[in-house]
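# compute the structure for the input listed below.
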Amino acid sequence: MSNKSSNSNTELRHNKRITTHRPIILNHQNLSLGITMINLSLTGLGATSAIKINPDAPVEVKFSLPFNDEFIELKLNSWLVHSTPVRGQFLIGLAFDKLNSHQQRIISNFINSHQKSQL
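Residues are numbered from 1 along each chain as shown. Predicted coordinates:
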């Protein structure tokens with residue numbers, strides 16, 4: 001039985017998504033990978049990875065975002081939704097599993113700040 005978030009793929013894409021290039025750590029089983037986040041929303045993120053990780057796998061991601069003049073580290077349980085080969089690497093999509101209100105506020109703040117700076 002899976003603990004995946006109840007959000008459908010359609011719901012995942014209806015959230016604000018920003019492009020960003022931030023380092024993250026992805027932990028899967030006994031593997032810890034440094035990968036690059038390429039986009040972020042309240043429901044998940046896209047990243048590039050040097051190795052393929054099988055979809056439907058539970059993973060943990062760690063990354064920091066600026067919030068109120070400091071950086072807050074987030075450690076989020078996620079599900080690997082896809083891993084697609086692109087130009088010698090893999091484009092992976094992760095769906096967050098049950099963000100708490102503090103995590104949602106930090107991500108929302110970062111997304112809104114990023115969007116305002118693009119105007």
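# can you mark which positions in the lengthiest strand in the chain are buried?
Longest among the strand segments of the chain by residue count, using DSSP state E, is strand 70-86. Applying a neighbour-count criterion of 16 or more other CB atoms under 10 Å, one finds I72, L74, L76, S78, W79, L80, V81, S83 buried in strand 70-86. Where you see a C-beta, it was placed from the backbone N, CA and C, and this is true even at glycine.
# residues touching K75, list them.
Contacts for K75 (CB atoms under 8 Å, 6 or more residues apart in numbering) come out as E60, V61, K62.
# give me the three-state assignment for the second one.
Under the three-state scheme (DSSP: H, G, I helix; E, B strand; the rest coil), the conformation of V61 reads as strand.
# any idea of the pLDDT on it?
Here the pLDDT value assigned to V61 is 97.
# quick check: bridge partners of it?
Bridge pairing for V61 (DSSP bridges) gives the partners L26, L76.
# circling back to that earlier point, which one (most neighbours) among the contacts of K75?
V61 (22 neighbours; other CB atoms under 10 Å).
# in this structure that residue contacts L80, no?
No - counting by CB atoms under 8 Å, V61 sits too far from L80 to count as a contact (10.0 Å).
# between those two, which contacts overlap?
With CB under 8 Å, 6+ apart as the test, V61 and L80 both reach L94.
# not counting the helix ranked longest in the chain itself, show me its contacts.
Ranked by residue count under DSSP state H, the longest helix found in the chain is helix 101-117. With CB under 8 Å, 6+ apart as the test, helix 101-117 has contacts from 16, 18, 20, 40-42, 65-67, 72, 74, 76, 99.
# quick check: bridge partners of L33?
So, taking DSSP bridges as the rule, L33 has L26 as bridge partners.
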